[in-house]
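# Structure, please.
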Amino acid sequence: ALRRLLAGHGRQAEEAAALLLPVVRDLDCAGRVLAAANRALPVPADPLERLWHAATVLREHRGDGHVAALVAAGFDGCEILVLRAGIDLPRGELQPYRGWSDDEWRAAGRRLAARGLLDPGGRATPEGRLAHRAVEEATDRAAARPWQGLDTATGERLRRLLTPVARAAAAALRFPNPMGLPAPAGRR
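Here you go, the predicted model:
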């Protein structure tokens, strides 16, 4: 899929991978088991596969931080999805793809309502929205560390190189989607 999406962008993918691999190599993976496991895999020789590898390690690094933020905030996996469905994503785009049963979904909703995070209609309360925002902000802070040592020129070069990748991926995604990714500006 990546080869199809990035047809004509091979040079940019190769350069982006070359810029990302040192970030991946220097990543602090303490407490980040999925990032550490993926980083331990051999770096592929193929440029697109190297880009995929680097992006996977960085994605899992962020994901491990997100799980830590959820745990610290007192959310389980089902609860955060139920809360997200109460904010902006349809339940049908979250529950079936994550494997939660209707009973588990309802029980999570009851727990959130008891904490004052969902109203009786299943919509997030202001407190629920704040709790969700706090988890996302904690995730962003935890994910920022690898990028803090990057010089401005390298960061800008990565943005220019990866913008076509992001646009190509966004064009292939439907919105809303089970990943919970927001639609790019101007696309709903």
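# Would you quantify the distance from Val43 to Leu2?
Counting by CB to CB, to the nearest Å, the gap from Val43 to Leu2 is 16 Å. (Glycine included, C-beta is placed from N, CA and C.)
# again but with Arg11, I slipped
15 Å.
# Which one's more surrounded, the two?
Between Arg11 and Leu2, counted using other CB atoms under 10 Å, Leu2 has the larger neighbour count: 16 against 10.
# pretty sure that one contacts Leu48?
Yes - using CB atoms under 8 Å, Leu2 is in contact with Leu48, at 5.5 Å.
# Low-confidence ranges, this protein, go.
Across the chain, residues meeting the criterion (pLDDT under 70) sit at 186-188.
# Would you mind listing the buried residues in the single longest helix found in it?
Secondary structure of the chain read by DSSP state H shows that its longest helix is helix 47-73. Neighbour counts using 16 or more other CB atoms under 10 Å place 47-48, 50-51, 53-58, 60-62, 64-67, 69-70 of helix 47-73 among the buried residues.
# Likewise for stretch 155-167?
Buried residues in stretch 155-167 (16+ other CB under 10 Å): 158, 161-162, 164-165.
# try stretch 162-182
162, 164-165, 168-169, 176, 178.
# okay if I get the residues you listed as CSV plus secondary structure and distance to Leu6?
Below are the buried residues of stretch 162-182 laid out as CSV (DSSP: H, G, I helix; E, B strand; the rest coil; distance: CB to CB, whole Å):
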residue, secondary structure, distance to Leu6
Leu162, helix, 11
Pro164, helix, 7
Val165, helix, 6
Ala168, helix, 6
Ala169, helix, 9
Pro176, coil, 25
Pro178, coil, 23
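# which among those residues gets closest to Glu137?
Using CB to CB, Pro176 comes nearest to Glu137 of the buried residues of stretch 162-182, at 21.8 Å.
# This protein: helices as residue ranges?
2-5, 10-25, 33-39, 47-73, 77-85, 95-98, 102-114, 126-148, 152-172.
# Make a markdown table out of those helices and add distance to Pro120.
A markdown table is the format used below for the helices of the chain (distance: least, CB to CB, whole Å):
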| stretch | distance to Pro120 |
| --- | --- |
| helix 2-5 | 43 |
| helix 10-25 | 46 |
| helix 33-39 | 37 |
| helix 47-73 | 23 |
| helix 77-85 | 14 |
| helix 95-98 | 19 |
| helix 102-114 | 7 |
| helix 126-148 | 13 |
| helix 152-172 | 36 |
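# Done for today, thanks.
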